[in-house]
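# Here you go, sequence then predicted model.
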Amino acid sequence: MPAYDRNNIFARILRGELPCRKVHEDEFALAFHDINPLAPVHVLVIPKGEYVSQADFCAEAPAGQVVGFWRAVAKVARDLGLEPEGYRLVANHGPNGGQLVFHFHVHLFGGRPMSHRMGNMPKTDERK
Ligand code: AMP
């Protein structure tokens, strides 16, 4: 994995240097709509801190921040009304995982049934 780049897109969004369509913010996390949605609801949740990946986050972040982050993910799903019908969480890790932005983030997909092809991200043509 690369070292953390303080100028990655999500770091710049966290610092307010780039805009985002914010869904939620608290002391642990920021959630915003993905710029290229692959489902009716496609939100990214990112921790406040310099973590490249889920592995980095779990190894390096204080326990309270890890808990706070995952509680924020659950709150976002609940607040978006996704709980009753369900949703999918995805965290891409490294090149083989398809990670493009090296600031740890969780994709939250909802608003339609997801494919059972777990090895693939939802494609745009699966929106229906
Ligand atoms: P990943 O492949 O897991 O690293 O996913 C990166 C995600 O970030 C992709 O789904 C992109 O569409 C999304 N993305 C990239 N730039 C932005 C941005 N400025 N605002 C919102 N989402 C973005």
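Cool, got the structure. Remember, it's a predicted structure, so these values are computed and weren't measured experimentally.
# got a list of what the most centrally placed residue in the chain touches?
The central residue of the chain, meaning the one whose C-alpha is nearest the mean C-alpha position (CA atoms, centre = their mean), is Val106 at 2.5 Å. When the contact criterion is CB atoms under 8 Å, 6 or more residues apart in numbering, the partners of Val106 are 44-46, 73, 89-91. Any C-beta I mention is one placed from the backbone N, CA and C, and that applies to glycine too.
# Now the buried members of the residues you listed.
Applying a neighbour-count criterion of 16 or more other CB atoms under 10 Å, the buried members of those are 44-46, 73, 90.
# tell me the least confident of those residues?
The member of those with the lowest pLDDT is Val90, at 95.
# Need the contact partners of the lengthiest strand in the chain.
Counting residues, the longest strand found in the chain (DSSP state E) is strand 41-47. With contact meaning CB under 8 Å, 6+ apart, strand 41-47 is reached by 10, 13-14, 23-24, 28-34, 57, 61, 65, 69, 72-73, 76, 80, 82, 87, 103-111.
# Would you tell me what the next helix or strand after that strand is?
As assigned by DSSP states H and E, the chain's next helix or strand after strand 41-47 is helix 54-60.
# Can you tell me what sits against that next one?
Counting by CB under 8 Å, 6+ apart, helix 54-60 makes contact with 1, 4, 47, 49, 51, 66, 69, 91, 93, 104, all of which sit outside it.
# If we use 7 Å, what do you get?
47, 51, 66, 91, 93, 104 (CB atoms under 7 Å, 6 or more residues apart in numbering).
# what about the second one, neighbour count?
What it means is Tyr51. For Tyr51, the neighbour count with other CB atoms under 10 Å is 22.
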